[in-house]
Each structure stands twice: as structure tokens, then as C-alpha cells.
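K.L.:
Show me the folded form of this:
(one chain, ligands or ions: 1)
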Amino acid sequence: MRFSMNRWSRLPLIASLFTVCLAAQSGPTYDIVLRNGRVMDPASGLDGVRNVAISGGRIAVVAADALRGRVEIDATGLIVAPGFIDLHSHGQTPENYRYKAMDGVTSALELEVGVSPVSAWYKAREGQSLINFGASAGHIPARMAVMKDSGGLLPRDAAMNRPATADEQKAIATIVQRDLDEGGVGMGMGITYTPTATPEEILSLFRLAAKFTRPVFVHMRGGDVVSALQEVISDAVVSGASLHVVHINSAATSRTPLALQMIDAARGRGVDVTTEAYPYTASMTEIASAAYSNWETREPDFFSRLLWPATGERLTRESFAQYRKQGGFVIAFGNTEEMVRAAIAHPMVMIASDGIIENGTGHPRGAGTYARVLGKYVREERALSLMDAVRKSALLPAQRLETFCPEMRQKGRLQAGMDADLAVFDAARVVDKATFENAAQYSDGFRYVLVNGTFVVRDGKLLDGVSPGQPIRAR
Ligand SMILES: [Zn+2]
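P.N.:
Here you go, the predicted model:
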């Protein structure tokens, strides 16, 4: 009896030795192998033809040797890059995630306006998202709730028209603090949309973000861009909070070079400040917001630079007045190609879309931002290198968040052990199709996009019925 038990107990050992011998002969079989792609990893500088093996949602091996997979994809002639991370994505619906995936984006975060309450927002997306998602604790939604503003994404009355009382400021801070406690990815702020928020209110919120050691993502105050930038840089220095200035292209327009120089200089003096840009000469915001509070004093050519995306019409004083009552998004042509190029090409500027598509309308940046950088600015205009574009679209955004979002230490890099968030594209043909007249058009040229090791785009086509997207939270 005892003898036979010993014999049986040896069987698993013999079996596992046999498996090891087999594995040594032929190598393991991975879930997926992408064969012969040009792998670009801005973190290590790797730019060469490699095979990439994926197992269990992670990158298992990056090697020149042949690898075996249950699924093998021939990536010959294609770029294999870490998936793009969009730090400024207002669109957080299944509709928006589809345009993002087809544009190479594997993680989309709403960090400028942010959300409130944070936990309910994450709960609504868990287990049902095409791509990874995250949001900041939003000053704007907290202020709108406390001051009973009737607006939608942005304030349109109380929170934009009057200063908050001392009690209201306390209530706003309490909500933002709870939302940071619940994992909000930094603090979101749009001072231009809450122009009655005093410098003291803003500074005290920077101090709150500093307590959590999380950055403030800010759309600066309207008006003179130099003083607007001075305000937030000064608040960062005084409070100790890190600062990310959103869409420097549309915030600074003709003074983009000066704004970039100010940010570079602050960085040079040790202030943790970063910025981002999107590759379009027009911006978009809500017509009823504080961005247009002085519209009545404007000249006629101010209105003709505005486009109503729902109909494609250019506006007049009369149609502007009508749409401001109705509410909705309006597109404003206010920048030059030269300034946009300067922002996109600047080495420290990240790519971020500021996009939102609603029921098939919006600004083309919601669908075409990343393909446009790769097609127009890298391939056609040679304003920056392909590696730089990948660095600005994947690695820099991951680095901005990784000190307080552990998930981000696993993203933005194409190396063994990292999350298998990948964008596989044809650099010779990748192109944005979204236009100002028809924004809801998928980019072309992304052949495969994987989120946590699951295909969301395969053979250039979006896959239905998959939800591999995971939450990205602060800890
Ligand atoms: Zn903005």
C-alpha cells in the first residue's frame, strides 16, 4: 500500500519534467504572436524588426527569434507601437471609444473637466469598455453641483456668473476631496469656464491637489495668456502641486512660442509642469459657456469664423444668438498652421485630442488626432520623427501619470512584462478621415489595435462585443 502510493505520487513530477523537456525543444506557445513588425519603443529606443509575443494580457517576449502563438499575425511592413494614451478625452461613451480605438488609442482619460462623483463614473464603465478609461476629480462639476448651475458639461449660469461664497467654496472643496479619495486621476480645472472663481479659490484647490500629491490639469483663465500661465505656474510653485496645462495650441494661439518658452523655463527651474496639443487650427467648446460671454461686442468676422457642426453652417450674429439660447458645441477657427506645427513638434509637448463625438457630430479631433499627427505632421511635413510622435502619444502621457497611477508604469512602453496595449499601423498610409464637415469618420491605417492583449481592431476593422478596457485610477 505504502509502496504503491509513493509510485503514484511520482507521476506528476515525471509529467512536469516531460513538459519542460518538450518546452525546451520547441519553446512555449503564446496567446498571440505579432511577426516581423518594426517595433518602436521610445522608452528603450528600440527601433527594429522583432517578433512580439503576448500571453495573459501582457507582452511576454520581444525577440528576433521565431516565436509560436495560437494566433499569429504577419506584421511585416507595419509599425508595432505601444497603444496611445489620450489624456484629454471628453468623449467617454461606447461611441467615442470606437473612434479612439480606430485612431490607435488604447487608454482615454477625461482629465481637464473631470467628473463627479468619481466612483459612480468608474462603476458605470467597468467590464463594458472597449478601451482603458479614467477621469480626474473635477472642480467644474463640483462647482456646478454646489452652486446649482443648469449647464451640461460646462457651466452656463450660476457657476460661471458669480463668485462662490465662503461656505460654497468649502462645500466644493469637500466634494473634490472625496473624488480624489475615490481615485480621481488628479484634479481637473477649467478656469476659463468659471471666470468668477477668484485666484484664492484656485490656489486653495492647488493646495488640496498637493496634499494628495496629484497634478492639476488645467484649462487656463481666459484673456491674456501670459498672465493666465503666470497664475497657474505660480500656484504650482506656491502649493507644490504638479501642473499640466491643457491644449497649449488653442490656449496660446499666436503666442504659442512664448507660452512654450515659459513652460520650458519653469521646467528648467525644477517646476513639474507639462503640456499637450491637438493637431487642428480650430477649437470647439459649448456656445453657452463663459468662453463667449462678451459675444455681443464682437465684429461680424468673429461670427463667420464659427462653425455649427450639427449643420455645417458658418454663423452670423443672428444665428449665434439663437444657438447660444439653444446650447451645443461650436467650432472656432482661431489658429494658424504654423502655430499648431510649432506645438506638435516641440519635444516636451504631448499629443492629446480634447475630443468628443456625440451622435455622429463633433470636432474631427475626436476621431482623427493620432492618425493626423502620424500622417500629416510626421509623413507629409516631416515636422517630427515617427519615434517622437510615438513618444508624445504613448510614453510621455504614461510618465505624466505613473507616479500616482500604478497602471501607468505598465503602459506606454513596448517591452516584456508591460500591458499588451498595442497600436499596429501602416506608416505609409495612416491618415485621418474626420473633417470639420463630417467629424465622425474612422481613421485609416491602424491594422491591429490590442487592449490588454485582446484585439479591438483586427485587419483594419473594429471588433464588436469585446470589452477588455480596464479602469485607470490614482492610488
Ligand atoms: Zn479645454
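K.L.:
so how many other residues sit close to the closest residue in space to residue 343 that isn't next to it in sequence?
P.N.:
Among residues not flanking residue 343 along the chain, residue 277 sits closest, at 3.7 Å (CB to CB, 6 or more residues apart in numbering). Where C-beta positions appear, they are placed from N, C-alpha and C, glycine not excepted. Neighbourhood size, residue 277 [other CB atoms under 10 Å]: 31.
K.L.:
so what's residue 277 up against?
P.N.:
With contacts defined as CB atoms under 8 Å, 6 or more residues apart in numbering, residue 277 is in contact with 247-249, 340, 343-344, 346, 349-352.
K.L.:
What residues are bridge-paired with residue 274?
P.N.:
With DSSP bridges applied, residue 274 shows beta-bridge pairing to residue 244.
K.L.:
my read: it touches residue 348, true?
P.N.:
Yes - the pair residue 274 / residue 348 is scored as a contact, 6.9 Å apart, by CB atoms under 8 Å.
K.L.:
higher neighbour count, these two?
P.N.:
Counted by other CB under 10 Å, residue 274 and residue 348 do not tie: residue 274 has more neighbours, with 21 against 14.
K.L.:
Next one: the more buried one from residue 62, what distance?
P.N.:
Per CB to CB, to the nearest Å, residue 274 is found 28 Å from residue 62.
K.L.:
Could you do residue 173 as well?
P.N.:
Distance from residue 173 to residue 62, by CB to CB: 46 Å.
K.L.:
still on that earlier bit, let me know the closest of the contacts of residue 277 to residue 378.
P.N.:
residue 344 (9.4 Å; CB to CB).
K.L.:
Would you mind finding the longest strand in this protein?
P.N.:
The residue-count maximum for a strand in the chain (DSSP state E) belongs to strand 29-41.
K.L.:
Report the strands that pair with the helix or strand following that one, each with its relative direction.
P.N.:
Counting by DSSP states H and E, the element after strand 29-41 in chain order, helix or strand, is strand 46-55. Strand pairing for strand 46-55, determined by DSSP bridges: strand 29-41 (antiparallel), strand 58-63 (antiparallel).
K.L.:
Spatially central residue for the protein, please.
P.N.:
With distances taken as CA atoms, centre = their mean, residue 86 lies nearest the centre of the chain, 1.5 Å away.
K.L.:
quick revisit: please identify the most buried of the strands paired with strand 46-55.
P.N.:
Across the strands paired with strand 46-55, averaging neighbours per residue (mean count of other CB atoms under 10 Å) puts strand 29-41 on top, at a mean of 21.
K.L.:
chain center to stretch 416-424: distance?
P.N.:
The chain centroid and the centroid of stretch 416-424 are separated by 17 Å under CA atoms, centre = their mean, to the nearest Å.
K.L.:
on that earlier part again, now, the contacts of residue 277 that are in helices?
P.N.:
Mapping those onto helices (DSSP state H) picks out 248-249, 340, 343-344.
K.L.:
re earlier: turn the strands paired with strand 46-55 into TSV, including mean pLDDT and distance to residue 156.
P.N.:
Shown next, in TSV, are these (pLDDT from 0 to 100; distance: least, CB to CB, whole Å):
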stretch	mean pLDDT	distance to residue 156
strand 29-41	98	44
strand 58-63	98	45
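K.L.:
In CSV: those, plus distance to residue 212.
P.N.:
Formatted as CSV, those follow (distance: least, CB to CB, whole Å):
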stretch, distance to residue 212
strand 29-41, 31
strand 58-63, 29
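K.L.:
Which of these sits closest to residue 368?
P.N.:
strand 29-41 (20.9 Å).
K.L.:
tell me the pLDDT at residue 389?
P.N.:
If you check residue 389, the pLDDT there is 98.
K.L.:
where's it, which helix or strand?
P.N.:
With DSSP H and E as the criterion, residue 389 is inside helix 386-390.
K.L.:
just the CA coordinates of the helix or strand following that helix, formatted as CSV?
P.N.:
Remark: after helix 386-390, the chain's next helix or strand is helix 396-401, criterion DSSP H and E. What follows is helix 396-401, C-alpha atoms only, in CSV (Å, rounded to 0.1, in the frame of the first residue of the first chain):
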residue,chain,number,x,y,z
LEU,A,396,5.1,60.9,-22.1
PRO,A,397,1.4,60.6,-21.1
ALA,A,398,2.2,57.4,-19.2
GLN,A,399,5.1,59.1,-17.4
ARG,A,400,2.8,62.1,-16.5
LEU,A,401,0.5,59.7,-14.5
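K.L.:
Could you name the helices and strands sitting against helix 396-401?
P.N.:
Helix 396-401 sits against strand 84-86, strand 349-351, with contacts defined as 3 or more CB pairs under 8 Å, 6 or more residues apart in numbering; DSSP states H and E.
K.L.:
Following element in sequence after the last one, please.
P.N.:
Scanning forward in sequence from strand 349-351, with DSSP H and E defining helices and strands, the next element found is strand 357-358.
K.L.:
Mean confidence (pLDDT) on that following strand, please.
P.N.:
Rounded mean pLDDT across strand 357-358 is 96.
K.L.:
what do you get for stretch 136-145?
P.N.:
98.
K.L.:
how about that stretch as CSV, C-alpha atoms only?
P.N.:
In CSV, the C-alpha atoms belonging to stretch 136-145 read as follows (Å, rounded to 0.1, in the frame of the first residue of the first chain):
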residue,chain,number,x,y,z
SER,A,136,-9.9,63.3,-12.7
ALA,A,137,-11.8,64.8,-9.8
GLY,A,138,-13.4,67.8,-11.5
HIS,A,139,-13.6,71.3,-10.0
ILE,A,140,-16.1,72.3,-12.6
PRO,A,141,-18.7,69.6,-11.9
ALA,A,142,-18.3,70.1,-8.1
ARG,A,143,-18.8,73.8,-8.5
MET,A,144,-21.8,73.3,-10.7
ALA,A,145,-23.4,71.0,-8.2
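K.L.:
ok now it, how far from the chain's centre?
P.N.:
Using CA atoms, centre = their mean, the offset of stretch 136-145 from its chain centre is 19 Å.
K.L.:
contacts for it?
P.N.:
Residues from elsewhere that reach stretch 136-145 (CB under 8 Å, 6+ apart): 109-116, 118, 149, 151, 154-155, 158-159, 164, 172, 175-176, 179-180, 182, 184-190, 193-194, 197, 205, 217.
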